[in-house]
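In: generate coordinates for the sequence data below:
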Amino acid sequence: MVTRGDEIRIDLAPDKAQDARDALAKTVYGALFLWVVKEVNNCIMWENDKDIRSSAGVLDIFGFESFAINSFEQLCINFTNEALQQQFNKFIFKLEQEEYERENISWAFISFPDNQDCLDTIQSRPKGILTMLDDECKLGQRGSDRNWVKRLNDTYLPERNQEISDNTRYSATKMQQVKGIFCVRHFAGNVAYTAETSFLEKNRDEIPLTAQTLFEEDSSDLIKEIYNVQLSASEDTSASGKSGPAKSKTVSQQFKAQLTSLIEMIETTDPHYIRCLKPNDAAKPKLMTRKRLTEQLRYGGVLEAVRVARMGYPVRMDHGGFFKRYRMLLPSVVEDRLPWSAEDQDPQQLSEKLLDIVLEEGAKPTIYENEDGSISRANQIRKAQRQPEEMVFPKQDVQLGKTKIFMRKGPHDKLESHRVFHQNASVTLIQSWMRMMQQNRRYLITEDAALTVQRWYRGCLGRARWWRLREAQAGQLLTNNFRMQLKRRKYNKARAGTVRLQAQYRGRMARKVIAATKIQSYYRMHVQSKAFRKLKSAINSLQCRVRQGIAKKVFEQVKREAKDMGKVKEHNEKLKAEMASLKAMLQAQAANDAGKEKSEKAIKEKQDEIDRLESRIAQLEAALAKEKEKVQKLENNLASQKEGNRKLASDLQYQKEKTAIVQTPMRRKHSSEGVTAEQLAEAVVIGATVSSEDLAQHHAEVARLEEELEEERKMSRAMRTQIKNLKSTIADKGVVDVTASTDYISDA
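Out: Numbers count the residues shown, from 1 in each chain. Coordinates of the predicted model:
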């Protein structure tokens, strides 16, 4: 703030700072837009405007807006739509006027609607809404939205409890007045505006002082240039003759000036209007929202244009089309009076004559009967239908022009209702004839079908009767066969039972004979088998007793030989002689070998001797195992012989006891041959007895092998000990004491 040359700096609050930022951005955007428009116009502008004969422009009119909360922007947009709608109504009226004059139609009585009172309510001086808004903005800080809307209510609703103004364009209920809301009735309907939505702030659209300084002192030429364009557009040039700085325009003043310029330009051109309708908000094909389309037609001014057109003669038809369309309304008028075809005749005269006859016939009462009281089929149908409204209307409502016929809505509706009435009657008559023909055709088809069905049914009855005869014959044949099968089955069952009974009887008899034979044979076999078993048992017992005695003798001999140690001493002597020769060899070797190499050689030779002894021990062990196995077998045979002798003794005792009682033929036979049982048993035992010399020989061999094996093992252990001592001596002295080693072997 600058006062008397002093600058006072006050920091803004966050909300005010955001508002200042938004105002600066909006100013830059608006200035840039005006600069772009100016530059484009300068590029496409002709040097001399007088040389321009024609030009074409496109104006995209934003539609009528009505939201839940409407503010200053909606008021300006709807104000523009009101002005353009007025221009559109004038354009429609002008076109209607030209066409009526061209067709030589009287149109002085036609009145067209006008919305000038709505425009005056918004922009007139000094009581217009925008004018009073500008006055409120001039008050500065004292002005407010609430005061402005209060002035509007006091101006347009001066009476107490008044809610609608005298021109019916401004209205506000008590509740709306309290909330600061007022309504304006536009051509598309009432719109409620909320005053407390910053109307004054939006109308002022002032640039902050700091922003002005920023624009004026900016180093960029572009920023300065677009700011100058903004200033020139916002300055009020109406008071240019007065001294002092130019005042800035409000937004409403700029808007009204631009709108006035636009209307003046449109009035100097030949406008062509294109109305675009959006079928739905979802952008889907084949979908039309009726309510949305109605709103677009109403807000776009289409319904208002239709209402303007209907104030005059909205229905227009050429003379030929009128005569062809409505000649059917007079079916009772003969052709001599009014022809049915318009060929080779003047359509205008025929149309005028048709109109006169229609008005004349419409004034008469409708009579469908003929003079003789009869009534045609078509008249019966017409009489049965709902009667249309009488064709009575003023003749001036239908004007005949040079090329067209102009009709108002009332006469046109009556003519159309009568036309629909006669069309319905004709259609009904045609339908009745068509239905009759269809029914006749259907009857003929049904009759032919009935005859065909009857023939087919009679044939079915004949075939059914023939089939029943075949079934009866087949049933009789089936019954005969069934009875035959029953008898045959009964006979086969009886025959099978008889055969089975005979077989069982014969089998029983044969089994009795076979059983008796088997019993006899088993008894005879049992007697012979029992005698044979007794004899065999006696022989086995005798053999076992004899073998037991022989085995005892052999066993005693083996025991005596085992106690004989002479052979063992002889064997030990042989081993000692062998060891003595070995010692002599070692002593000779030790005498000749003075060093370590000879000792190692002696150790190697001793090791070879040990290996030879070990292989010898293995051979002796294998031979000993074989001899032991043979001895075991002999002992097992001896045990079995003892068991046999025991059984033989028991059997002989039993035989001795029975001999005195029973004398069998077999014994008599044996006695006659001179061979006794004791001799036979002795012969059997002797034939199967082990030799005592063999058993003794085997026992002696086993004893010899055991002694030899024990000696070999002792020698092997002595050799191992000697080698161990030699190795230790070599390790300690480096020289082998052969004499000591030989003495050790001799002692061993």
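In: so how far is the helix or strand harbouring residue 641 from its chain's centroid?
Out: Counting by DSSP states H and E, the element that carries residue 641 is helix 596-659. With C-alpha atoms, centre = their mean, to the nearest Å as the basis, helix 596-659 stands 91 Å off its chain's centre.
In: quick one, the helix or strand encompassing residue 550 and helix 596-659 angle?
Out: Under the criterion of DSSP H and E, residue 550 resides in helix 409-562. Relative orientation of helix 409-562 versus helix 596-659 (axes from the mean of the first three to the mean of the last three C-alpha atoms, to 10 degrees): 90 degrees.
In: so what's the gap between helix 409-562 and the chain middle?
Out: Counting by C-alpha atoms, centre = their mean, helix 409-562 comes out at 51 Å from the chain centroid.
In: now for it, which elements pack on it?
Out: helix 319-326, helix 377-384, helix 596-659, helix 677-687, helix 692-732 (3 or more C-beta pairs under 8 Å, 6 or more residues apart in numbering; DSSP states H and E). For glycine as for every other residue, the C-beta is placed from the backbone atoms N, C-alpha and C.
In: mean pLDDT lowest where, among those?
Out: Lowest mean pLDDT within the helices and strands packed on helix 409-562: helix 677-687, at a mean of 40.
In: does the residue nearest the centre of the chain belong to a helix, a strand or coil?
Out: Centroid check for the chain by C-alpha atoms, centre = their mean gives residue 284 as the closest residue, at 26.9 Å. Recorded secondary structure, residue 284: coil (DSSP: H, G, I helix; E, B strand; the rest coil).
In: list phi and psi for it.
Out: Here the main-chain torsion angles of residue 284 (degrees, to the nearest 10) amount to phi -110, psi 150.
In: which residues belonging to stretch 259-270 are considered buried?
Out: 259, 266 (16 or more other C-beta atoms under 10 Å).
In: let me fix that: stretch 220-232
Out: 223, 226-227, 229-231.
In: repeat that for stretch 159-173.
Out: Buried, per 16+ other C-beta under 10 Å, within stretch 159-173: 165, 169-172.
In: among those, name the ones in strands.
Out: 170-171 (DSSP state E).
In: would you tell me which one of the helices and strands packed on helix 409-562 is buried the most?
Out: helix 319-326 (a mean of 19; mean count of other C-beta atoms under 10 Å).
In: helices or strands next to the helix holding residue 641 in the packing?
Out: Helix 596-659 packs on helix 409-562, helix 566-592, helix 677-687, helix 692-732, going by 3+ C-beta pairs under 8 Å, 6+ apart.
In: mind redoing it with 7 Å?
Out: helix 409-562, helix 566-592, helix 692-732 (3 or more C-beta pairs under 7 Å, 6 or more residues apart in numbering; DSSP states H and E).
In: out of those, which is the most enclosed?
Out: helix 692-732 (a mean of 16).
In: how distant is that helix from the center of its chain?
Out: Distance, centroid of helix 692-732 to centroid of chain: 95 Å (C-alpha atoms, centre = their mean).
In: how far does stretch 307-325 sit from the chain's center?
Out: 62 Å.
In: hmm, who's touching that stretch?
Out: 89, 92-93, 96, 107, 110-113, 342, 347-348, 350-351, 354, 399, 403-409, 412, 419 (C-beta atoms under 7 Å, 6 or more residues apart in numbering).
In: make a PyMOL selection of whichever of these turn out to be buried.
Out: Remark: buried members of the contacts of stretch 307-325, expressed as a PyMOL selection using 16+ other C-beta under 10 Å:
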select buried, resi 89+92+93+96+107+342+347+348+350+351+354+399+404+405+406+407+408+412+419
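In: my read is residue 287 is in a helix, agree?
Out: No: judged by three-state DSSP, residue 287 forms no part of a helix; its state is coil.
In: from residue 297, how far out is it?
Out: As for residue 287, its distance to residue 297 is 17 Å (criterion: C-beta to C-beta, to the nearest Å).
In: also residue 478?
Out: The value you get for residue 478 to residue 297, if C-beta to C-beta is used, is 89 Å.
In: and what of residue 499?
Out: Distance from residue 499 to residue 297, by C-beta to C-beta: 113 Å.
In: re earlier: any chance of the buried residues of stretch 220-232 in CSV, plus distance to residue 372, secondary structure and pLDDT?
Out: Output for these, formatted as CSV (distance: C-beta to C-beta, whole Å; DSSP: H, G, I helix; E, B strand; the rest coil; pLDDT from 0 to 100):
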residue, distance to residue 372, secondary structure, pLDDT
223, 102, helix, 78
226, 96, helix, 78
227, 99, helix, 75
229, 94, helix, 74
230, 94, helix, 71
231, 97, helix, 70
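In: using TSV, lay out those together with distance to residue 623.
Out: What follows is the buried residues of stretch 220-232, written out as TSV (distance: C-beta to C-beta, whole Å):
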residue	distance to residue 623
223	134
226	136
227	139
229	141
230	140
231	145
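In: which among those gets closest to residue 603?
Out: Nearest to residue 603 out of the buried residues of stretch 220-232 is residue 223 (C-beta to C-beta; 122.7 Å).
In: is it true that the closest one touches residue 215?
Out: Yes: the pair residue 223 / residue 215 is scored as a contact, 6.2 Å apart, by C-beta atoms under 7 Å.
In: number of residues surrounding residue 280?
Out: 13 (other C-beta atoms under 10 Å).
In: ok so it is a strand residue?
Out: No: secondary structure of residue 280 (three-state DSSP): coil, not part of a strand.
In: which residues does it contact?
Out: So residue 280 contacts 287-289, 292 (C-beta under 7 Å, 6+ apart).
In: any chance of these in TSV, plus neighbour count, pLDDT and distance to residue 537?
Out: Below are the contacts of residue 280 laid out as TSV (neighbours: other C-beta atoms under 10 Å; pLDDT from 0 to 100; distance: C-beta to C-beta, whole Å):
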residue	neighbour count	pLDDT	distance to residue 537
287	10	91	124
288	11	90	129
289	14	90	129
292	14	83	132
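In: ok, those vs residue 511, which is closest?
Out: Nearest member of the contacts of residue 280 to residue 511, counting by C-beta to C-beta, is residue 287, at 105.9 Å.
In: quick one, phi/psi of that closest one?
Out: phi -140, psi 120.
In: got it, and residue 193?
Out: Per degrees, to the nearest 10, the backbone of residue 193 is at phi -110, psi 140.
In: go on, the one 5 residues further on?
Out: Phi and psi for residue 198, reported as degrees, to the nearest 10, are phi 70, psi 50.
In: for it, what are its contacts?
Out: Residue 198 touches nothing, counting by C-beta under 7 Å, 6+ apart.
In: how much space separates it from residue 609?
Out: 135 Å.
In: got it, and residue 463?
Out: Taken as C-beta to C-beta, the span from residue 463 to residue 609 is 128 Å.
In: which SS class is the closest residue to residue 299 other than its chain neighbours?
Out: Leaving aside its chain neighbours, residue 299 sits nearest to residue 64 (3.3 Å; criterion: C-beta to C-beta, 6 or more residues apart in numbering). Here residue 64 is coil, with the state taken from three-state DSSP.
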